[in-house]
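**Student:** My questions are about this predicted structure, shown below with the sequence.
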Amino acid sequence: MLKVCKKTIALIIVLLLFTSIAATAFADIKPGDQFVTFGSDLTKGQRTQLMDEFGIRDTRNIHIVEVTNQEEYKYLGHILPKSVIGTKAISSSLITFQEKGKGLNIKTNNITWVTNSMYKNALITAGITDASITVSAPYPVSGTAALTGIMKAFEVATGKPISDNVKKIANEEMVQTGQIGDKIGDKEKAVELMKRLKEQLSKQSSKLSDEQLRNLIENTAKDLGITLTPDEINSLVSLLRKLQNANIDWDKVRKGLDNFNTTFKNFVNNNPESKSLLWDIFTFFKSIIDKILNMLK
């Protein structure tokens, strides 16, 4: 009996020590710490070029993470054609950790398809926040490799893995946003659509049915003046269903979205005819109220 107790106590001590070590490793990441993610197909000269662009002269305190083209295909191969993903991982990033509550600040250079807001929205879905991130490449590229690299760097930095399922969903969200943005000619409006849909999901106490998701998508798109095809609506229903079923910290996502203001301008401000209609409605009801008030005098 005594031997069993000793073994139990020893096991508890080992677990406590392990927990302490893990906590220390996490605490080591502090504001100002930097990680660089490199596309693995960069040449030595291109890496030097990007380090110069990132303003890094001393690499001794810089953590470097690589992302391969194979990893791109793992998370994007089911939703993007090969012509978009390409055969090389080139896009890279500099990540500088910030104080808690600072949110995400994204800048890009030589990235032709993924916008700053698209990166930010997808990273919020993955639970990533409080960092200043510069995404770049030595020449113009789509930028699809960078999202995988950034998520990988955060896993290394925090010691907290992001599930493959959530990584795939974040990448799918980025792709669907870009595709809708390409079709309507306004990626920022497409980002706003996705942002509002996620805001609504984060407020739900229970999972919505496919029909409820469809209504949510159609009403949100209508509010933004976006016309979606049946196929696009079906794709968004599928994405939102995946978001609902994934192990996502919705409180964290909601906080991230609260700190995320897109540059999309209100639909009414961009459509004078809508503003005119609203003014006519306001004037009509005002005249009725005035008449009632006059009758009561």
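**Tutor:** Yep, it's here. Bear in mind the structure is a predicted one, so any value in this text is a computation, not a measurement. Residues are numbered from 1 along each chain as shown.
**Student:** export the lengthiest strand in the chain as CSV, just CAs?
**Tutor:** Determined from DSSP state E, the single longest strand within the chain is strand 131-141. C-alpha atoms of strand 131-141 as CSV (Å, rounded to 0.1, in the frame of the first residue of the first chain):
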residue,chain,number,x,y,z
ALA,A,131,0.5,40.6,-33.4
SER,A,132,1.9,42.8,-36.1
ILE,A,133,2.4,40.8,-39.2
THR,A,134,4.1,41.7,-42.5
VAL,A,135,3.5,39.3,-45.4
SER,A,136,5.9,39.6,-48.3
ALA,A,137,7.6,37.9,-51.2
PRO,A,138,10.6,38.7,-53.4
TYR,A,139,8.3,39.0,-56.4
PRO,A,140,4.5,39.1,-57.0
VAL,A,141,2.8,35.9,-55.8
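**Student:** Output the contacting helices and strands for it.
**Tutor:** helix 44-53, strand 92-97, strand 104-111, helix 116-125, helix 144-158 (3 or more CB pairs under 8 Å, 6 or more residues apart in numbering; DSSP states H and E). C-beta coordinates here come from the backbone N, C-alpha and C atoms, glycine included.
**Student:** tell me the angle of the last one relative to strand 131-141?
**Tutor:** Just to be clear, that refers to helix 144-158. Taking axes from the mean of the first three to the mean of the last three CA atoms, to 10 degrees, one finds helix 144-158 and strand 131-141 inclined to each other by 150 degrees.
**Student:** The helix or strand just after helix 144-158: how far from the chain's middle?
**Tutor:** Sequence-wise, the next helix or strand downstream of helix 144-158 (DSSP states H and E) is helix 164-184. Offset of helix 164-184 from its chain centre (CA atoms, centre = their mean, to the nearest Å): 9 Å.
**Student:** List the buried residues for helix 164-184?
**Tutor:** Using 16 or more other CB atoms under 10 Å as the test for burial, helix 164-184 gives 166-181, 184.
**Student:** And the contacts of it?
**Tutor:** 74-76, 78-80, 113-115, 118-119, 121-123, 125-127, 144, 147-148, 151, 187-191, 193-194, 226-228, 232, 235-236, 239, 242-243, 246-248 (CB atoms under 8 Å, 6 or more residues apart in numbering).
**Student:** Filter those down to just the buried residues.
**Tutor:** 75-76, 79-80, 113-115, 118-119, 121-123, 125-127, 144, 147-148, 151, 187-191, 193-194, 226, 228, 232, 235-236, 239, 242-243, 248.
**Student:** What pLDDT does the model give the residue nearest to the spatial centre of the chain?
**Tutor:** By CA atoms, centre = their mean, the chain has its centre lying nearest to A122, at 1.7 Å. The confidence metric pLDDT takes the value 97 at A122.
**Student:** What of the one 4 residues further on?
**Tutor:** Model confidence at A126, expressed as pLDDT, equals 96.
**Student:** Okay, the nearest residue to it once chain neighbours are set aside and M118: tell me how far apart.
**Tutor:** Closest residue to A126 apart from its sequence neighbours, by CB to CB, 6 or more residues apart in numbering: A170 at 4.5 Å. Going from A170 to M118 by CB to CB, to the nearest Å gives 11 Å.
**Student:** for L240, same thing?
**Tutor:** Applying CB to CB to L240 and M118 gives a distance of 17 Å.
**Student:** do P140 as well
**Tutor:** Taking CB to CB, one finds P140 at 16 Å from M118.
**Student:** same check, this time on I124
**Tutor:** 11 Å.
**Student:** what do you get for T263?
**Tutor:** 12 Å.
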